[in-house]
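Undergrad: Have a look; sequence and predicted model below, questions after that.
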Amino acid sequence: MDNNKTNPANEIQIELSEEIAQGTYANLAIIAHSSSEFIIDFIRIVPGMPKAKVKSRVILTPDNARRLLYALEDNIAKFEQQTGNARADGLIPPIGGIKGEA
């Protein structure tokens with residue numbers, strides 16, 4: 001892309017480094033909030049390990065947290081429509097409620 005050209009006001013160029021593109025696996029999110037921000041800690045729990053580490057923390061304004069909520073709802077609905085993998089009861093099992101076997 002030619003960086004000398006001007007972009008329309010609504011277009012944002014996003015840079016994704018190779019390291020960030022690899023992603024970080026998390027299987028738990030803990031959400032807290034104050035009067036001015038939402039904090040989402042993404043955590044990886046490993047069976048048999050007594051401690052779980054926060055792998056990433058994202059801090060959002062309430063407006064951006066709401067945008068994230070809507071984006072997740074939209075993407076989950078599209079995923080369920082494409083895969084037929086909808087939960088009829090709308091319930092998600094609690095963490096630690098189902099024991100896995102290796």
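TA: Great, that's in hand.
Undergrad: Sketch out the low-pLDDT regions of this protein for me.
TA: 1-8, 86-102 (pLDDT under 70).
Undergrad: which residues in it form strands?
TA: 28-33, 38-44, 53-60 (DSSP state E).
Undergrad: Can you lay out these as CSV showing distance to residue 21 and mean neighbour count?
TA: (Each C-beta comes from the backbone N, C-alpha and C, glycine too.) Formatted as CSV, the strands of the chain follow (distance: least, C-beta to C-beta, whole Å; neighbours: other C-beta atoms under 10 Å):
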stretch, distance to residue 21, mean neighbour count
strand 28-33, 21, 11
strand 38-44, 16, 16
strand 53-60, 14, 13
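Undergrad: okay if I get these as a markdown table plus distance to residue 85?
TA: Compiled in a markdown table, those are given as follows (distance: least, C-beta to C-beta, whole Å):
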| stretch | distance to residue 85 |
| --- | --- |
| strand 28-33 | 20 |
| strand 38-44 | 22 |
| strand 53-60 | 25 |
